[in-house]
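Asker: sequence below, structure please.
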Amino acid sequence: MTRPAQKHAHLARLFRTGLAACSLAVLGACGNNVPVSDRLPGLAGAERAGILARAGAPVLQVGLVETGSSGVVVREARRGGVDSYVSPDGFTLSFRNGLLISAKGIDEVLMAADTVKSRALVESGRSGTSERFHSYLGGLEQTDVRAFRCIVAPQGPRSIRIGTGERQTMLMSEVCTSLTDPFENRYWIDPMSGTVLQSRQWIGPRTGALSTRIVPGGFASIVAGEGG
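Answerer: As a prediction, the model looks like this:
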């Protein structure tokens, strides 16, 4: 098995056991009467995710589309409009207004994604062209920057299941091309709040696409079997 294949197999195991690890962390790693921010430094991913989940932090269901593996990530911080999430194994994701801007902790490290132009179109519900730039951590710790030309367009209303109910959304597509790596991102957006309720977003050529879905009620709803 090649190194990327081994890494994906490892990720699949981690995602499958993510809920169990988070449950154990919630039960065993969370002291009372201690500020959440004071408990996180130096802790492993499971303990960090468990403390955050118990504190009621927002949760996303996530999955690697190509492998079919899935699990959860818990929001660790919100700074400057960026939401940062951590999984029980330490895998981290960052989003700006629902658009993925970094993914770390897997074989293919997306250090940053410049999505400003695409995000403006997605948020406004308008059609148009945009550019996005992805920075990957390459060999010898060097940064590999790749440029993409994208077409953003509304695809009409869609009904999706979130938690135990149906939600009406507006589907936006973002079709991107480069010399070697074409991909399509999809965003299911709440037309009232503008929140990205569900998405399918490309990380890179080795990892492929990541699916996300918000979990109303956070980790407690997953434990109760209401997470969808």
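Asker: just checking, residue 118 touches residue 152?
Answerer: Yes - the criterion here is C-beta atoms under 8 Å, and residue 118 meets it with residue 152 at 5.9 Å. (C-beta placed from N, C-alpha, C; glycine too.)
Asker: what sits in contact with each of the two?
Answerer: Shared contacts of residue 118 and residue 152 (C-beta atoms under 8 Å, 6 or more residues apart in numbering): 130, 174.
Asker: contacts only, for residue 97.
Answerer: For residue 97, the contacting residues are 81, 119, 123, 194, 196, by C-beta under 8 Å, 6+ apart.
Asker: 10 Å - rerun?
Answerer: Each residue near residue 97 by C-beta atoms under 10 Å, 6 or more residues apart in numbering is listed here: 81, 82, 83, 115, 119, 120, 122, 123, 194, 195, 196.
Asker: let me have the residues you listed in a markdown table, adding pLDDT, neighbour count and secondary structure as columns.
Answerer: Listed next are the contacts of residue 97 as a markdown table, based on pLDDT from 0 to 100; neighbours: other C-beta atoms under 10 Å; DSSP: H, G, I helix; E, B strand; the rest coil:
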| residue | pLDDT | neighbour count | secondary structure |
| --- | --- | --- | --- |
| 81 | 90 | 8 | coil |
| 82 | 96 | 13 | strand |
| 83 | 96 | 18 | strand |
| 115 | 97 | 25 | coil |
| 119 | 96 | 20 | helix |
| 120 | 96 | 14 | helix |
| 122 | 97 | 27 | helix |
| 123 | 95 | 16 | helix |
| 194 | 94 | 14 | coil |
| 195 | 95 | 13 | coil |
| 196 | 97 | 23 | strand |
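Asker: reformat these as JSON lines; add distance to residue 52.
Answerer: Formatted as JSON lines, the contacts of residue 97 follow (distance: C-beta to C-beta, whole Å):
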{"residue": "81", "distance to residue 52": "19"}
{"residue": "82", "distance to residue 52": "16"}
{"residue": "83", "distance to residue 52": "12"}
{"residue": "115", "distance to residue 52": "25"}
{"residue": "119", "distance to residue 52": "25"}
{"residue": "120", "distance to residue 52": "30"}
{"residue": "122", "distance to residue 52": "27"}
{"residue": "123", "distance to residue 52": "27"}
{"residue": "194", "distance to residue 52": "25"}
{"residue": "195", "distance to residue 52": "20"}
{"residue": "196", "distance to residue 52": "20"}
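Asker: and those residues, which two are the farthest apart?
Answerer: 83 and 120 (18.2 Å; C-beta to C-beta).
Asker: can you give the distance of the strand ranked longest in the chain from its chain's centre?
Answerer: For the chain, the longest strand by residue count, based on DSSP state E, is strand 143-162. Chain-centre distance of strand 143-162: 14 Å, with C-alpha atoms, centre = their mean, to the nearest Å.
Asker: flag the shaky bits of the chain, pLDDT-wise.
Answerer: Scanning the chain for pLDDT under 70 picks out 1-47, 219-228.
Asker: break down the protein into its strands, ranges please.
Answerer: 59-64, 69-79, 82-86, 92-96, 99-104, 110-114, 128-137, 143-162, 165-177, 183-189, 196-204, 208-214.
Asker: looking at those, which is closest to residue 49?
Answerer: Of all the strands of the chain, strand 69-79 comes closest under C-beta to C-beta, at 4.7 Å.
Asker: parallel or antiparallel, list what pairs with that closest one.
Answerer: Its sheet considered, strand 69-79 pairs with strand 59-64 (antiparallel), strand 82-86 (antiparallel) by DSSP bridges.
Asker: and residue 187, which of those is closest to it?
Answerer: The closest of the strands paired with strand 69-79 to residue 187 is strand 59-64. By C-beta to C-beta, the value is 13.7 Å.
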